[in-house]
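[1] Requesting a structural model of the entry that follows:
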Amino acid sequence: MSARDSINVLVIDDSAHNRHTLSTLLESAPDVRVLDRAADGEEGLKKVLELKPDVVTLDLEMPKLGGYTFLRLLMRTAPTPVIVISSYAHKSDVFKALELGAFDFIAKPPRGTREALEGLRGELLDKVRAARHVRPGQRHAAPGARAMAVAGELPLVVAVGASTGGPPAVQRLLEGLAAEPTPCVLVCQHMPSQFTRAFAERLDRIGPFTVTEACDGDTVQPGHVYIAPGGRHMVVADRGSRLELHTPPPTPLDKYAPSVDRLFTSVAQVLGSRALAVVLTGMGADGAEGALEVHRAGGEVWAESEETAVVFGMPGEAIATGAVKRVLKLGDIGPALATLARRKR
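    Numbering: from 1, shown residues only. Now for the predicted structure:
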């Protein structure tokens, strides 16, 4: 493959060992080329402007110019897809980086075993390839005000599936729904297990709803958002007078945990024609089979449009099934859900 056809990556990390490891993993693929490396944000910003890479990998904790400042300056001067390389010890930092415009993040494995490095290699290459197709400056970030959740009958349950580009998209959806904070939202976001609780805590602080990581046996409540725990599924069960959440472990056949298909299918089985599923940005096809189940049960499936989706894989696959009733820009999904919730009260 020629240099012109390669995905050109700039690696920014203050650790020489990490720079070497990431470069080796990236260049193990014939379609990826490491243009250069930088040891801090200041050097990294200069090299982005000079070399114009397709994708940047970024460590957040660096001397001279930290990751947050780097992202602010980069998105203002030369918007470029950025994949944050984060440690499990700094989970909350990741979500701030995503709000500042980072494309996605990857968690460093706690141990550098051969198996862990192979897993890191696969995830890194998948996300670098997806990032190359992001339109410059495209991101999901929006500030929002907190609103009080309204107690009472549960008028609307919304099941949401997302993957790459999903955390800021989920936040944007919730902010758009803030005008009618009575629904319950069930979120299946592909994310490592060590990050889903931090994701829930961040949304709880800045969004309009009470947000928690789902626990087995939780009763579904109005004005609440439940985040599927990483490494486990989240499904809905009918308990007569109430809906209950369960978080079963994955089986060897499950490609994703949590699985959007599993969530959507359970919502279809329990809610039937009242089921409502929304597919947001993400790589792959998770959610497509579940969307069909919702459609067969008489419920509705909505999908984010290609115009705003950071990665159109999941929404596109759902749309291709013929099960999707509405295709909306991200900024229109929350208000449309609020309008629907008012009608159902």
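[2] For the closest residue to residue 338 other than its chain neighbours, give its distance to residue 86.
    Using Cβ to Cβ, 6 or more residues apart in numbering and skipping the chain neighbours, the partner closest in space to residue 338 is residue 180 (3.7 Å). The C-beta positions use only the backbone N, C-alpha and C, and glycine is treated the same way. Distance of residue 180 to residue 86, computed by Cβ to Cβ, to the nearest Å: 34 Å.
[3] same deal with residue 122?
    For residue 122 relative to residue 86 (Cβ to Cβ), the value is 17 Å.
[4] Quick one: name whatever helix or strand follows the longest helix along the chain.
    In the chain, ranked by residue count with DSSP state H as the criterion, the top helix is helix 114-131. Once helix 114-131 ends, the next helix or strand along the chain (criterion: DSSP states H and E) is strand 157-162.
[5] centre of the chain versus the helix or strand following that following strand, how much separation?
    Past strand 157-162, further along toward the C-terminus, the next helix or strand under DSSP H and E is helix 166-176. Counting by Cα atoms, centre = their mean, to the nearest Å, helix 166-176 is centred 9 Å from the centre of its parent chain.
[6] Give the buried residues for helix 166-176.
    166-176 (16 or more other Cβ atoms under 10 Å).
[7] Output the contacting helices and strands for it.
    The helices and strands touching helix 166-176, judged by 3 or more Cβ pairs under 8 Å, 6 or more residues apart in numbering; DSSP states H and E, are helix 91-99, strand 157-162, strand 184-189, helix 193-206, helix 330-344.
[8] Deepest-packed of these, please.
    Ranked by average neighbour count under the criterion mean count of other Cβ atoms under 10 Å, the helices and strands packed on helix 166-176 are headed by strand 157-162 at a mean of 28.
[9] Which secondary structure elements does that strand sit against?
    On a contact count with 3+ Cβ pairs under 8 Å, 6+ apart, strand 157-162 meets helix 166-176, strand 184-189, helix 260-271, strand 276-279.
[10] Would you agree residue 243 is in contact with residue 157?
    Yes - if you go by Cβ atoms under 8 Å, residue 243 and residue 157 touch, sitting 7.2 Å apart.
[11] what residues do those two have in common as contacts?
    Taking Cβ atoms under 8 Å, 6 or more residues apart in numbering as the contact rule, residue 243 and residue 157 both touch 220, 236.
[12] can you list the helices and strands packed on helix 166-176 in JSON lines and add distance to residue 32?
    Below are the helices and strands packed on helix 166-176 laid out as JSON lines (distance: least, Cβ to Cβ, whole Å):
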{"stretch": "helix 91-99", "distance to residue 32": "22"}
{"stretch": "strand 157-162", "distance to residue 32": "25"}
{"stretch": "strand 184-189", "distance to residue 32": "26"}
{"stretch": "helix 193-206", "distance to residue 32": "25"}
{"stretch": "helix 330-344", "distance to residue 32": "29"}
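[13] so which of those comes closest to residue 63?
    Closest to residue 63 of the helices and strands packed on helix 166-176, according to Cβ to Cβ: helix 91-99, at 16.2 Å.
[14] what's the angle from the closest one to helix 193-206?
    Put simply, helix 91-99 runs at 70 degrees to helix 193-206, going by axes from the mean of the first three to the mean of the last three Cα atoms, to 10 degrees.
[15] Give the residue spans of the stretch 151-300 of the chain that score low on pLDDT.
    For the stretch 151-300 of the chain, the stretches flagged by pLDDT under 70 are 151-155, 207.
[16] So the chain: which segments form each domain?
    Using automatic domain parsing, the domain parsing of the chain gives 7-131, 157-344.
[17] circling back: which of residue 122 and residue 86 has more neighbours?
    Neighbours per residue (other Cβ atoms under 10 Å) separate residue 122 from residue 86, with residue 86 holding more: 23 against 12.
[18] Go ahead and confirm the more buried one touches residue 106.
    Yes - Residue 86 is in contact with residue 106 according to Cβ under 8 Å; the separation is 7.1 Å.
[19] who does the longest helix of the chain touch, helix- and strand-wise?
    Packing contacts for helix 114-131, counted by 3+ Cβ pairs under 8 Å, 6+ apart, involve strand 7-12, helix 16-26, strand 32-38, strand 55-58, strand 82-86, strand 104-107.
[20] TSV please, covering these and showing distance to residue 211 and mean pLDDT.
    Shown next, in TSV, are the helices and strands packed on helix 114-131 (distance: least, Cβ to Cβ, whole Å; pLDDT from 0 to 100):
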stretch	distance to residue 211	mean pLDDT
strand 7-12	32	96
helix 16-26	32	94
strand 32-38	36	96
strand 55-58	27	96
strand 82-86	21	92
strand 104-107	19	91
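[21] Return the most buried member of these.
    Comparing the helices and strands packed on helix 114-131 by mean neighbour count (mean count of other Cβ under 10 Å), strand 55-58 ranks first with a mean of 26.
[22] Tell me which other helices or strands the very next helix or strand once past that strand touches.
    With elements assigned by DSSP H and E, the helix or strand that comes after strand 55-58 is helix 67-77. Using 3+ Cβ pairs under 8 Å, 6+ apart as the contact test, the elements touching helix 67-77 are helix 41-51, strand 55-58, strand 82-86, helix 91-99.
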